[in-house]
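**Student:** kindly return the folded structure for what I paste below:
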Amino acid sequence: MAGKLRFGVSTQGGPLAARELAEVGDAVGMAPEFVLWYEDFASPPPTPKIDAVISRTAQPVITWEPRLWRGESAEPPGTIVDKIKFGCYDEYLSKWADELAGARGDVLLRFAHEFNGTWYPWSAGAGTSAEDYVSAWRHVHHLFHERGATNVRWVWAPDAGPVDEHSLTRWYPGDECVDVLGIDGYNWGTILPGSRWTGPTEIFGRGLAELRRLCDTKPILVTEVGCAEAGGDKAEWIGELVRMMAGEPQVTGFIWFHHDKETDWRLTSTAAAAAAMGASLSEAAA
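**Tutor:** So this is what the prediction gives:
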């Protein structure tokens, strides 16, 4: 599966922020081939956003979170996953399936990501069981398939960190329900109490190995990655990351978390970081 390493971004302005996406492309000398953004279960089908990304000759990657964070919610945390498997959200899911089926190309749908962490209501740490998670995933996948949304490619994406605490095997919906294996990981540097500068191999090594054990034929996409500035050399870290991923036969690409959030994760946090990404991508493509 070795081949060209594809570069993508998630930006603060989202898929409709054309200028922001262009600025990232200009900074690294390469237009993003993936554009990732986030939707919740109060969101209508994001057809205009999908169209905008495809018009840029990029591939849309929707992170679809089974929770309601766009306003006041009557749903207690975690209950949406439980209700999905009983069909309580079928009308809403059907609207999404019908709209995405009409897209002008493939859409990557990253549903209920980072389930092996502690920070989302559908996660193990919040009390969701692997059995309920898998049942919900299979229900949504089956509904989309029945409604003809065969252009939707399903991205199953754990976090790279806690693979030892919660074996990924129990959470895997099955080869027939997953098209792309994803993984998220960050170098927090020294921005948090007790955190330290961590290299790409240490962050992703165990998680990538477990993904390969689950399935050694499906493509792997690093669906979120970022690096802080504090504690080390971000530009050097970026070079290490790209070289590592270019050497992984199943890894087909990565999506940089270009947000100024907990810290300045952006590729443009310094000119050196942006230049390092551009040089590393050129080297990987040579």
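**Student:** could you list the low-pLDDT ranges of this structure?
**Tutor:** 1-3, 71-78, 162-166 (pLDDT under 70).
**Student:** and if we set it to 50?
**Tutor:** 1-2 (pLDDT under 50).
**Student:** residue boundaries of the helices in it?
**Tutor:** Assigned by DSSP state H, the chain shows helices spanning 18-28, 47-55, 79-84, 90-101, 130-146, 200-214, 234-246, 271-285.
**Student:** adding mean neighbour count, write the ones you listed out as TSV.
**Tutor:** (C-beta placed from N, C-alpha, C; glycine too.) Output for the helices of the chain, formatted as TSV (neighbours: other Cβ atoms under 10 Å):
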stretch	mean neighbour count
helix 18-28	17
helix 47-55	17
helix 79-84	20
helix 90-101	17
helix 130-146	18
helix 200-214	18
helix 234-246	20
helix 271-285	17
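**Student:** quick one: residue 53 and residue 60 touch, right?
**Tutor:** Yes: under the criterion of Cβ atoms under 8 Å, residue 53 makes contact with residue 60 at 4.2 Å.
**Student:** what residues are shared contacts of the two?
**Tutor:** 15, 35 (Cβ atoms under 8 Å, 6 or more residues apart in numbering).
**Student:** quick one: contacts for the most centrally placed residue in the chain?
**Tutor:** Centroid check for the chain by Cα atoms, centre = their mean gives residue 223 as the closest residue, at 3.1 Å. By Cβ under 8 Å, 6+ apart, residue 223 lies in contact with 36, 61, 63, 110, 113, 155, 157, 182, 183, 184, 254, 255.
**Student:** and the fourth one, bridged to which residues?
**Tutor:** Translated: residue 110. residue 63, residue 155 (DSSP bridges).
**Student:** circling back: list the contacts of the nearest residue to the residue nearest to the centre of the chain once chain neighbours are set aside.
**Tutor:** Leaving aside its chain neighbours, residue 223 sits nearest to residue 182 (3.8 Å; criterion: Cβ to Cβ, 6 or more residues apart in numbering). Residues in contact with residue 182 (Cβ under 8 Å, 6+ apart) are 110, 113, 155, 156, 157, 158, 220, 221, 222, 223.
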